[in-house]
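> sequence below, structure please.
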Amino acid sequence: DITGARWSLTGAEAVLRLCSLHVSGDWDEYWRFHLRQEYKRNYLPLYSNGVPLLNRLTQARCSTTPPSLTIVV
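Here you go, the predicted model:
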């Protein structure tokens, strides 16, 4: 317990929901759902067209030979 803690209604409700998931035994199922949703929200959009760096390299059509260096004297 945290004495003197101030909770917003939204924060208190979130904590109660998490506690109820634990007590009901649904925590593992909820956590798997949470991780899937997080993946869809945060990572899937970034990699929907492949790996970003690989796409940029492919579009740049990088040469495998180093550029020639001109030395000005």
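> how many residues are close by Trp27?
14 (other C-beta atoms under 10 Å). Using the backbone N, CA and C atoms, a C-beta is placed for each residue, glycine as well.
> shouldn't it be in contact with Cys19?
No: counting by C-beta atoms under 8 Å, Trp27 does not reach Cys19; the two are 10.0 Å apart.
> give the next helix or strand downstream of the host helix or strand of Gly11.
Using DSSP states H and E, the element containing Gly11 is helix 9-24. Of the helices and strands lying after helix 9-24 in sequence (DSSP H and E), the nearest is helix 27-42.
> what angle do that following helix and helix 9-24 make?
Helix 27-42 runs at 130 degrees relative to helix 9-24, counting by axes from the mean of the first three to the mean of the last three C-alpha atoms, to 10 degrees.
> residues contacting helix 27-42, please?
Leu21 (C-beta atoms under 8 Å, 6 or more residues apart in numbering).
> thinking again about what came up before, and the helix holding Gly11, average pLDDT?
Per-residue pLDDT over helix 9-24 has a mean of 93.
> just the CA trace of it, in CSV.
Taking Å, rounded to 0.1, in the frame of the first residue of the first chain, the C-alpha atoms of helix 9-24 are listed here in CSV:
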residue,chain,number,x,y,z
LEU,A,9,-10.4,7.7,-11.7
THR,A,10,-8.9,6.3,-14.9
GLY,A,11,-5.7,5.2,-13.2
ALA,A,12,-7.6,3.5,-10.3
GLU,A,13,-9.9,1.7,-12.8
ALA,A,14,-6.9,0.4,-14.8
VAL,A,15,-5.3,-1.0,-11.7
LEU,A,16,-8.5,-2.6,-10.6
ARG,A,17,-8.9,-4.2,-14.0
LEU,A,18,-5.3,-5.6,-13.9
CYS,A,19,-6.0,-7.0,-10.4
SER,A,20,-9.2,-8.6,-11.5
LEU,A,21,-7.3,-10.3,-14.4
HIS,A,22,-4.8,-11.7,-11.9
VAL,A,23,-7.5,-12.9,-9.5
SER,A,24,-9.6,-14.5,-12.2
